[in-house]
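>>> Any chance you could fold what I've pasted below:
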Amino acid sequence: MTAAGQPYNFQARGGSRRTYLLLRRHGLTLIELLIVVAIIGVVLAMLFPAVQMVRAQASATECVNNMRQLGLALQQFTDKHNGEFPKSVHAGTENSWVYTLAPFLENVDQVRICPNDPTGPTRLEHKGTSYPMSSYICMDIEGAIHNVNHMRPLSETLVAMEGSEQRDPTSVTFDHVHPHDWFLQKNIDKHRVWIKLIAEVAPDRHWSAGKPDRSDGTSHLLFADAHVEARQANVLKGLADDGVNFALPPRKVRLTGGLPVTH
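Next up is the predicted model:
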């Protein structure tokens, strides 16, 4: 209607009733608003898992790169020290073994902490590492091999693992783990190997669903040839439950009378 009470002539104004109604609408109705909100919610619900997966993959990749750089630095260290590996703080060194690799790394502080380590910032501040070395590499114990020239194959010799957040992040002495203790016969007999292991190692540091016994997800292992492998927690648990000491270094093989002999 016009101001004079006459019907509004849409056609005469060059428009249509639809155009007029669209021009008069200044906002969304409540139903339309709810529909928009619902659509946005569905889109976000679809995107969130994808974003989380991308972030998890990025963290896992960064962790692998960290350990690989440490492995390459270890190779340079052993080359310079007649095959000998660095020692843990128990050997009287002032800092963690990882700091002895500093001359062979661009920045040791950038690679000694796993991005998924919840105690990473504290460990970084107190000069620790997320990647403790195996006691078979850095301690004087039965079964230990301290020299790379006595190891064969290098690709099967475990050097370092991802440490558990249960280790004191303020103490530098937690720069190694004790697989020789996990696999004591008394622990095997009482089925306590896995309990001992997860007190020092985080087998579910990546891709974990949060199982209480930490038997899901994966963690990364560094080997003497500098390669890094992702191992599923349930696989490690199976070995632990069977009493298979996967951390024990294999011995170099020599030939005697034409037969292979380990020593």
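>>> buried sites along stretch 201-211?
Using 16 or more other Cβ atoms under 10 Å as the test for burial, stretch 201-211 gives Val201, Ala202, Pro203, Asp204, Arg205, His206, Trp207, Ser208. C-beta: built from backbone N, CA, C; applies to glycine.
>>> go on, stretch 29-43?
By neighbour count on 16+ other Cβ under 10 Å, the buried set for stretch 29-43 is empty.
>>> CA atoms only for that stretch, dumped as PDB, please.
These are the backbone C-alpha positions of stretch 29-43, laid out as PDB (Å, rounded to 0.1, in the frame of the first residue of the first chain):
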ATOM      1  CA  THR A  29      14.400 -15.900  10.900                       C
ATOM      2  CA  LEU A  30      15.100 -18.000  14.000                       C
ATOM      3  CA  ILE A  31      14.700 -21.200  12.100                       C
ATOM      4  CA  GLU A  32      17.100 -20.100   9.400                       C
ATOM      5  CA  LEU A  33      19.600 -19.100  12.000                       C
ATOM      6  CA  LEU A  34      19.400 -22.500  13.700                       C
ATOM      7  CA  ILE A  35      19.900 -24.200  10.400                       C
ATOM      8  CA  VAL A  36      23.000 -22.200   9.700                       C
ATOM      9  CA  VAL A  37      24.400 -22.900  13.200                       C
ATOM     10  CA  ALA A  38      23.700 -26.600  12.700                       C
ATOM     11  CA  ILE A  39      25.500 -26.700   9.300                       C
ATOM     12  CA  ILE A  40      28.500 -24.900  10.800                       C
ATOM     13  CA  GLY A  41      28.500 -27.400  13.700                       C
ATOM     14  CA  VAL A  42      28.500 -30.400  11.300                       C
ATOM     15  CA  VAL A  43      31.300 -28.900   9.200                       C
END
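>>> Centre of the chain to it, how far?
39 Å (Cα atoms, centre = their mean, to the nearest Å).
>>> How about stretch 86-104?
For stretch 86-104, the distance to the chain centre is 22 Å (Cα atoms, centre = their mean).
>>> Among the buried residues of stretch 201-211, list the two that are farthest apart in space.
Maximum pairwise distance among the buried residues of stretch 201-211 (Cβ to Cβ): 15.8 Å, between Val201 and Trp207.
>>> related to what we said a few turns ago, how about the buried residues of stretch 201-211 in TSV, adding distance to Val89?
Compiled in TSV, the buried residues of stretch 201-211 are given as follows (distance: Cβ to Cβ, whole Å):
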residue	distance to Val89
Val201	18
Ala202	20
Pro203	24
Asp204	27
Arg205	23
His206	27
Trp207	31
Ser208	29
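>>> quick one: which of those residues sit in helices?
Among these, no residue falls in helices (DSSP state H).
>>> Could you export the residues you listed to TSV, including columns for pLDDT?
Formatted as TSV, the buried residues of stretch 201-211 follow (pLDDT from 0 to 100):
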residue	pLDDT
Val201	97
Ala202	97
Pro203	97
Asp204	96
Arg205	96
His206	96
Trp207	91
Ser208	89
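>>> now the closest residue to Ala102 other than its chain neighbours: how far from Asn187?
Spatial nearest neighbour of Ala102, chain neighbours left out: Val108 (4.4 Å); criterion: Cβ to Cβ, 6 or more residues apart in numbering. Val108 sits 34 Å away from Asn187 when distances are taken as Cβ to Cβ, to the nearest Å.
>>> higher neighbour count, the two?
Neighbour tally, Val108 and Asn187, criterion other Cβ atoms under 10 Å: the higher count belongs to Val108, 21 against 18.
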